[in-house]
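J.: after the sequence you'll find the predicted model.
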Amino acid sequence: MRRATAAPLMVRDAFDRTVSFAAPPQRIVTIFASNTEIVAALGLAQRIVGIEAFTRYPPEVLDRPLVGGRLGFSVDAVVAERPDLVIVTPSRQAANQLIDPMERLGIPIIVLLQRTLAEIMANIRLVGRICGVAERGEAVASRLEARMAKVRDKIGGLPAPSTIMITGRLGNGLLLVARDGTYTGDAIVRAGGRFGLESRGVLAQISPEAILNADPDVLLLAGSETQLADLIGRPGWLDLSAVRAKRAYAVSRAELLIPGPRTVDGIERLARLFHPAVGQR
Amino acid sequence: MLGLALGLAIVVAAAAGHDWATPADLWRAVSGDSDLRSRLLFEWRIPRVLAAGLVGALLGLGGTIFQGVFRNPLAEPYLLGSAGGAALGATVALLVPLAAPQSLALPVLAFAGAWGATVLVIGISRVSGAVDAAGLLLAGVAVAAILGALRSFLMLALSDETVSLQIVLSWVLGGVQTPTWGLLGLLALMSAACLALCLMLAGRLDVLGLGETMASAFGLDVRRFIATAVLAGSVVVAVAVAFGGLVAFVGLAAPHIARWLVGPLHRPLVPASALVGAIIVVLADAIARAALPPAEIPLGLVTAIAGGPFFILLLARRLRT
């Protein structure tokens, strides 16, 4: 699979940086679960030589050395693995802390953005090309796209339930909700839901009152059943239409809050929740 | 003596990291070896250690000026709004998409914020006719509160995911930005200029130390001097902030430790504070890198957690004698 004699492959990343590869990388450090999952989905898990502390999937990469975690990312630890590719997403401090040193040391580093499902698919193809398995990247992405198309066909024409997905709770009682313009929001729409809250203003935090007031058809909490029971046990929540109609669900954080191949699993599951009458698959 | 200690601290810090380097590794790195590990040491770790030393020296200088001007042992370089201003500037640089690259925007806006905030404080106290220590302090508290609130609002409004708040938070907690060798040269030149500036103020700071009335009797234009010294001190701090973020505690502690070593006169105190500040930050930065691999602890947390008890110990011993 080596292309040692070919002209170097030039790619453009999400920061509009041009990165060139003389040969397909064999030692890859993937920062964040999303990027690790993309590389693993291409069947290249054995090339991953470093991950960050909050990667939980796939199991075969969990024994790899850690190069960072909540407290940031260590240039020393990344370099110690002698990678020939580092993949980051500009979240937490990853891009800030790693791009500059890797460029200075001549270690190829690419930045991937996954704000929509379309970007996730494009990134699967891009990483496939970089790693010398372009056909496999194309195959993996097309298969995922076909599954999303199937969902779209099944729900076509059905009324979209208004939906609010709670993705986090803040110390001051405010809630974080999935918004338009994010891959999670994209997943809700592709699964046949619509936003139960108009995005208003610039703040992502929503007062619980706004959710009670919006009274969505479906209430989703990205988390466990226990957390959901705790949330809807609070005063006022039992009166929500979604709760009374038993349409308040706990959904998987791994599928809907990590922008990777598994997000398509999340879309299929959401579609079944939004449109129970339509049997998926 | 202090110079020797600093040299030792720099060598230890250059070796400290996720993988500890041996003196032989360091030698290979500085003698131009092209292995990846050597280049990591030469291109990344050594400039960072030297930058940490210069940032620490600047904080020591800034602290000395502020403690001298306010004749208050609790005065610290971030007193007059510079921390709040720098943090606001850095927040804009980190979260607002700007035309300039972030590596340039961050130090420039942090510097502008730090210095601008102090100029604003002096302006306010001048308009209200109270360019004395108390007037400046009150204006400083008010400006810091406003700037802090603006920063918090920007952090909430501009970050689309809660995780990106970490970028701002970690900047606020301090951390030396590793400069290129060229930029490090610039920082060294600026630090030398700051040292010269502070030495020029040293004699008049001693006079001011006698009290405002006495200083006036000696022919010092107290109000004018306070404004000049504060402006100079804030330039020093702004340079430190641009390269090192907000590093807690060093600017407060370094002048005290230096005073115990060389006494209260400012001419020896100014360079001694710079050296003490440099030693503290070089060592703290090494701990930040090496203590919890592979993570890096924000520098300001290390200086406060490790430096705090040390300072208390010194203080207790000092009070007992």
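T.: Received it, and whenever you're ready, just let me know what you need.

J.: the longest strand along chain A pairs with which strands?
T.: With residue count as the measure and DSSP state E as the assignment, chain A has strand A:162-169 as its longest strand. According to DSSP bridges, the neighbouring strands of strand A:162-169, each with its direction, are strand A:175-177 (antiparallel), strand A:194-195 (parallel), strand A:218-222 (parallel).

J.: most tightly surrounded among these?
T.: strand A:218-222 (a mean of 25; mean count of other C-beta atoms under 10 Å in any protein chain shown). Just so you know, the C-beta spots here come from the backbone N, C-alpha and C atoms, and that holds for glycine as well.

J.: let me know the average pLDDT across that one.
T.: Average pLDDT, strand A:218-222: 95.

J.: how far out from the middle of the chain is that strand?
T.: 17 Å (C-alpha atoms, centre = their mean, to the nearest Å).

J.: and the pLDDT for A:Ala118?
T.: Confidence at A:Ala118, expressed as pLDDT, is 96.

J.: quick revisit: ok, residues contacting the longest strand of chain A?
T.: Judged by C-beta atoms under 8 Å, 6 or more residues apart in numbering or on different chains, the contacts made with strand A:162-169 from elsewhere in the structure are A:175-178, A:184, A:188, A:193-197, A:211, A:214, A:216-222, A:231, A:251, A:256-257, A:274, B:162.

J.: how about that strand as CSV, C-alpha atoms only?
T.: Taking C-alpha atoms only, strand A:162-169 is exported to CSV below (Å, rounded to 0.1, in the frame of the first residue of the first chain):
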residue,chain,number,x,y,z
SER,A,162,-40.9,19.2,18.0
THR,A,163,-37.9,18.0,20.0
ILE,A,164,-35.6,19.3,22.7
MET,A,165,-32.4,17.4,23.4
ILE,A,166,-30.7,18.3,26.7
THR,A,167,-27.0,17.7,26.5
GLY,A,168,-25.8,19.0,29.8
ARG,A,169,-26.8,20.6,33.1
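
J.: please compute how far it lies from its chain's middle.
T.: Distance, centroid of strand A:162-169 to centroid of chain: 16 Å (C-alpha atoms, centre = their mean).

J.: how about that strand: buried residues?
T.: Across strand A:162-169, burial judged by 16 or more other C-beta atoms under 10 Å in any protein chain shown covers A:Ser162, A:Thr163, A:Ile164, A:Met165, A:Ile166, A:Thr167, A:Gly168, A:Arg169.

J.: ok, and the closest non-adjacent residue to the second one?
T.: Using C-beta to C-beta, 6 or more residues apart in numbering or on different chains and skipping residues adjacent in sequence, the residue nearest A:Thr163 is A:Gly193, 3.9 Å away.

J.: helix, strand, or coil at A:Leu144?
T.: Remark: A:Leu144 carries the secondary structure label helix [criterion: DSSP: H, G, I helix; E, B strand; the rest coil].

J.: and what of B:Val176?
T.: Secondary structure for B:Val176, judged by three-state DSSP, is coil.

J.: related to what we said a few turns ago, between the strands paired with strand A:162-169, which gets nearest to B:Pro271?
T.: For B:Pro271, the closest of those is strand A:175-177, at 50.9 Å, according to C-beta to C-beta.

J.: lowest-pLDDT helix or strand in the chain?
T.: By default, I'm working from chain A. Lowest by mean pLDDT, DSSP states H and E among the helices and strands of chain A is strand A:205-206, with a mean of 80.

J.: I was thinking of chain B, sorry if that wasn't clear
T.: Comparing helices and strands within chain B by mean pLDDT, DSSP H and E singles out helix B:165-172 as the least confident, with a mean of 78.

J.: is that one anywhere near chain A?
T.: Yes. Applying C-beta under 8 Å from any C-beta of the partner chain, one finds helix B:165-172 touching chain A at B:Gln166, B:Ile167, B:Ser170.

J.: redo those residues as TSV? Include neighbour count.
T.: Converted to TSV, the residues of helix B:165-172 next to chain A look like this (neighbours: other C-beta atoms under 10 Å in any protein chain shown):
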residue	neighbour count
B:Gln166	19
B:Ile167	24
B:Ser170	24
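
J.: got any ranges where the stretch 51-200 of chain B has weak pLDDT?
T.: Along the stretch 51-200 of chain B, the model assigns pLDDT under 70 to residues B:159-164.

J.: those helices in it, which residues are they?
T.: Read by DSSP state H, counting those that start in this stretch, the stretch 51-200 of chain B holds these helices, from start to end of the chain: B:82-95, B:102-127, B:133-158, B:165-172, B:181-208.

J.: what comes into contact with the helix or strand just after the last one?
T.: Same thing as helix B:181-208. Sequence order places helix B:212-217 as the next helix or strand after helix B:181-208, per DSSP states H and E. Judged by C-beta under 8 Å, 6+ apart, the contacts made with helix B:212-217 from elsewhere in the structure are B:Asp132, B:Val207, B:Leu208, B:Val222, B:Phe225.

J.: identify the spatial nearest neighbour of the fourth one, chain neighbours not counted.
T.: Same thing as B:Val222. If you skip the residues right next to it in sequence, B:Val222 has B:Glu212 as its closest partner in space, 5.0 Å away by C-beta to C-beta, 6+ apart.

J.: who are the contact partners of B:Trp315?
T.: Check again: residue B:315 is Leu, not Trp. Residues B:His256 are the ones in contact with B:Leu315 under the rule C-beta under 8 Å, 6+ apart.

J.: confidence score at it?
T.: The per-residue pLDDT reported for B:Leu315 equals 78.

J.: so the strand or helix carrying it versus helix B:165-172, what angle?
T.: With elements delineated by DSSP H and E, B:Leu315 resides in helix B:299-320, which encompasses its position. Angular relation of helix B:299-320 and helix B:165-172 on a 0 to 180 degree scale: 40 degrees, by axes from the mean of the first three to the mean of the last three C-alpha atoms, to 10 degrees.

J.: tell me the helix or strand right after the least confident helix or strand of chain A.
T.: Later in the chain than strand A:205-206, the nearest helix or strand by DSSP H and E is helix A:208-214.

J.: stretch B:262-278: how far from the chain's middle?
T.: Centre-to-centre, stretch B:262-278 and its host chain are 15 Å apart (C-alpha atoms, centre = their mean).

J.: ditto for stretch B:210-217
T.: Per C-alpha atoms, centre = their mean, the displacement of stretch B:210-217 from the mean C-alpha position of its chain is 30 Å.

J.: list the buried residues of that stretch.
T.: Judged by neighbour count using 16+ other C-beta under 10 Å, the buried positions of stretch B:210-217 are B:Glu212, B:Ala215.

J.: can I get it in PDB? Just the C-alpha atoms.
T.: Written as PDB, here are the backbone C-alpha positions of stretch B:210-217 (Å, rounded to 0.1, in the frame of the first residue of the first chain):
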ATOM      1  CA  LEU B 210       9.800  57.600  53.200                       C
ATOM      2  CA  GLY B 211       6.200  58.600  52.900                       C
ATOM      3  CA  GLU B 212       4.500  61.100  50.600                       C
ATOM      4  CA  THR B 213       5.000  64.100  52.800                       C
ATOM      5  CA  MET B 214       8.700  63.400  53.300                       C
ATOM      6  CA  ALA B 215       9.100  62.600  49.600                       C
ATOM      7  CA  SER B 216       7.600  65.900  48.700                       C
ATOM      8  CA  ALA B 217       9.900  67.700  51.100                       C
END
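
J.: residues touching B:Leu208, list them.
T.: B:Leu208 makes contact with B:Gly68, B:Val69, B:Arg71, B:Ala215, B:Leu220, B:Val222, B:Phe225, B:Ile226 under the criterion C-beta under 8 Å, 6+ apart.
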